[in-house]
Every structure is written in structure tokens, then in C-alpha cells.
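Predicted model and sequence follow; I will ask about them next.
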Amino acid sequence: MLSDNGAHVVKIEPPGGDETRHLGPPYDAMGNSAYFAALNRGKKALSLDLSQPEAQEVLHRLLDGADVLVENFLPGTMEKWGLGYEEVLAARYPRLIYCAISGFGRDGPLGGLPGYDAVLQAQCGLMSINGESASGATRMGIPIVDHLTGYVALAGILMALCSRQASGKGQRVEATLYDTALSLLLPHASNWFASHQTPGLLGSAHPNIAPYDKFRARDGHVFIGILNDGQFRRFSQHIGCGGLPDDPRFRTNAERLAHRPQLKALIEAAITAVDSEPLCQALMRVGVPAGVVNDVPQALAQAHCAHREMIIQQGTFTALRAPMRLYGTPASPGDPPPSFSQHADEVLSDLGFDETQRSDFYDRGIARTRSPL
């Protein structure tokens, strides 16, 4: 996201390469996993063995004048190498924004332990409210904790840069999967604080709103979201059930929640002979939010996806753009994801290392140009 909006990003990989390069199939034309490709466009790639002093000197040259350092090692790794922010980097680079991304942070009962998206979904209660009684608690089908933690890091970096404008000083920014996962418990944590009733599995339904759920139409499922009584009245009239809003079971949202199964059965009976796409289009026109439950290819083939220019193509490389859009300073997606240490010569040369020094780095494994895998 930073690269798309003008940042010069150098990705430092370990000697064995970024493990996400191999999380496949599928793989792209360069041999990288599609997963890696989704995360790494617009970056220069350099591999360094940061346990070696000479490689650390390369990093120091990169940091001289850099705005931001992002790292996602296990907490304590940078300190072990003599590169800790408080111990070394803050004094040497007082304007540097240092962003550490980890599972649980540096301290506390879980501090320093490893964390992965799905583990945090389980540990922080997200799986407990995702799924149905038949499936039980279920992992969300996207790495939602990882993804949002990236946005948390982005926001923290941008706020730290704004602060530096006023103070002239950098600072440490921390983003953890744990904090992010807990922050996603909306509105379930708030419901628990107020009621002390443990949230449960509701399938696609909402714990506080009805009807706000998935419903079966003739040719598939639709999702209908109704937030107020006016929308419910217009919805009921459109599907030929104009009497529903006056039924004592459904007059208010609270009453609709109390009789959710009966309301769902009545709605599905009313739309069982209606195709999903015309139904949703008609409901949207009368101010009732509704959408067809699409699969991934259908979602990406929508005309509005093309209108919003959400898909970028560069030769054989295809990806989604970042969702924010700046009209005064529009983003420009960077080059396709790099191969392993693709820009080693370029980056090292720009840092002032001559050909002899670069060759020596490669021969001694301080920097690499070819993955051992």
C-alpha cells in the first residue's frame, strides 16, 4: 500500500527466501506462489544474512535517510543481532519510524511467542462466532487477522510520520495479531460487556439486527440487510408480504430478533420463485440493501468491479489494487512481485558498494542472488 502511493520499498529476505514464495500451488509464471504475488508488488528484493556484521552494515546504509523500517521477526530477534530500536537504532536514526509486527508483542504472558492468523482467530474468539451449529466454530475463509494487522501497521506508520512532521522525531510503532483479532469482536465484545451472555454461532445472521441474513431464492442465495423499520416495511411490500410489519412478532427490530426463525421462513417462502439477481436489483432500487451471494470468479467479474478499476494487469501479472483512492495524488501500482533477491546488484550499487565488494558479498553468503531452495 505504501509502495502504490509513492514509497520506495526494499524488501530484505533471509538467505532461504521469504517462505510465502512457496505456499502453493498455484504458482505464477515466475515460480512464486500466487499468495506471495498478492503481497509483494512494487518492492525491490534483496537477500541478506543479518546475523553477519557485513550484512548489518548494508542495512545501516539503507537506514541512513530511510523514513520507515518494518520488521516482523519474533520479538527479540533484532536485539539479538544488535539492531534493537531502543538500544541502537533510535539514537543512530532519530527520525526513523520503526514498525514491529508480531503475534503478541514483546512482553506479557504471551509476549515473544509465535502467532499465525488462524491461531489468533481461534484464541481471540473469532471462530466461536463464525459458522453454524452443523459446522461448529469455523475459521474465516480469509486471513482476516493478518490482513487487518497490515492496515493497523499502515495507520500507525502514517500517524507516526504526521507526528514527526511536528516533533522531528521518529518512534516505535507496534502492530500485533492479538490486539487486532480482539478488536474485530464487533459487536460481540460490546454485547458481552452489556449482557454477560456468551455470543454463539448464528451462521450468516447478525446478533443485533433482523432480518440481516442470507436467504434462499430460486436460483441461489441472497443477502438482505435491513437496519430500520422503514426498510422493513418497503421490503415486505416488495416481496408481497405487506402485512409483516403489523404482525406483533415483527413490528420492531427487537421483536424481529426474538422471532428470527419464523421471519426467515416467511421471507424464503415469499422469494422461493424469484431469481436472485433481479430480486437484489429491485430491492436496492427501493432502498433495501441486498446482494447476490457470489463466488470469487463472479465477484471479480462484476461490472462495478471493472468500473472501480479494482483489478490491475501488468503483462501476465494480475492483482487487486489497494482499496483506498486518493484523487489529488492517485496511486500507481508498482512493478510485479520480484524474484528472489532480484535487485541485489541494483540496491547494493546504489548504496555505494562496488562490483568487487558485491561479488565478495555473494561469494561469502552475506548477500545472495540465488535462493538455495
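Yep, that arrived.

how close does the nearest residue to residue 131 once chain neighbours are set aside sit to residue 167?
If you skip the residues right next to it in sequence, residue 131 has residue 138 as its closest partner in space, 3.4 Å away by C-beta to C-beta, 6 or more residues apart in numbering. Backbone N, C-alpha and C define where each C-beta goes, glycine included. As judged by C-beta to C-beta, to the nearest Å, residue 138 and residue 167 stand 46 Å apart.

Assign the nearest residue in space to residue 20 that is not next to it in sequence to helix, strand or coil.
The shortest distance from residue 20 to any residue other than its chain neighbours is 4.5 Å, reached at residue 36 (C-beta to C-beta, 6+ apart). When the structure is reduced to helix, strand and coil (DSSP: H, G, I helix; E, B strand; the rest coil), residue 36 reads as helix.

The residue nearest to residue 131: which element?
Residue 138 belongs to no helix or strand when assigned by DSSP states H and E.

Same check on residue 59?
In this structure, residue 59 sits in helix 53-63 according to DSSP H and E.

buried set for that helix?
Buried residues in helix 53-63, defined by neighbour count with 16 or more other C-beta atoms under 10 Å: 55-56, 58-59, 61-63.

Also stretch 130-142?
Judged by neighbour count using 16+ other C-beta under 10 Å, the buried positions of stretch 130-142 are 130-131, 139.

isn't the residue nearest to residue 20 right up against residue 21?
Yes. With contacts defined as C-beta atoms under 8 Å, residue 36 counts as touching residue 21 at a distance of 4.7 Å.

Compile the buried residues of stretch 130-142 into JSON lines and extend it with columns for pLDDT.
Shown next, in JSON lines, are those (pLDDT from 0 to 100):
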{"residue": "130", "pLDDT": "97"}
{"residue": "131", "pLDDT": "95"}
{"residue": "139", "pLDDT": "96"}
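
Can you name the residues in contact with the helix ranked longest in the chain?
Among the segments of the chain that qualify as a helix by DSSP state H, the longest is helix 144-167. Applying C-beta atoms under 8 Å, 6 or more residues apart in numbering, the contact partners of helix 144-167 are 1-2, 67-68, 70, 95, 97, 99, 101, 117, 120-121, 124, 126, 169-171, 173-177, 179-181, 183-184.

And that helix, how far out from the chain middle?
14 Å (C-alpha atoms, centre = their mean, to the nearest Å).

And for stretch 154-174?
Average the C-alpha atoms of stretch 154-174, do the same for its chain, and the two points are 21 Å apart (C-alpha atoms, centre = their mean).

for stretch 214-231, same thing?
Going by C-alpha atoms, centre = their mean, where stretch 214-231 is centred and where its chain is centred differ by 27 Å.

now the end-to-end length of that stretch.
17 Å (C-alpha to C-alpha, to the nearest Å).

Show me which residues of it are buried.
With burial defined by 16+ other C-beta under 10 Å, the residues of stretch 214-231 counted as buried are 215-217, 221-224, 226, 231.

Please tell me how far residue 111 sits from residue 146.
Distance check for residue 111 against residue 146: by C-beta to C-beta, it reads 19 Å.

So these two - more neighbours on which side?
residue 146 (19 against 15; other C-beta atoms under 10 Å).

Ramachandran angles for residue 359?
Residue 359 has phi and psi values of phi -60, psi -40 when expressed as degrees, to the nearest 10.

My error: substitute residue 124 in the last question.
When quoted as degrees, to the nearest 10, the phi and psi of residue 124 stand at phi -100, psi 20.

secondary structure element for the closest residue in space to it that isn't next to it in sequence?
In space, and not counting its chain neighbours, residue 124 is closest to residue 181: 3.6 Å by C-beta to C-beta, 6+ apart. With elements delineated by DSSP H and E, residue 181 resides in helix 177-183, which encompasses its position.
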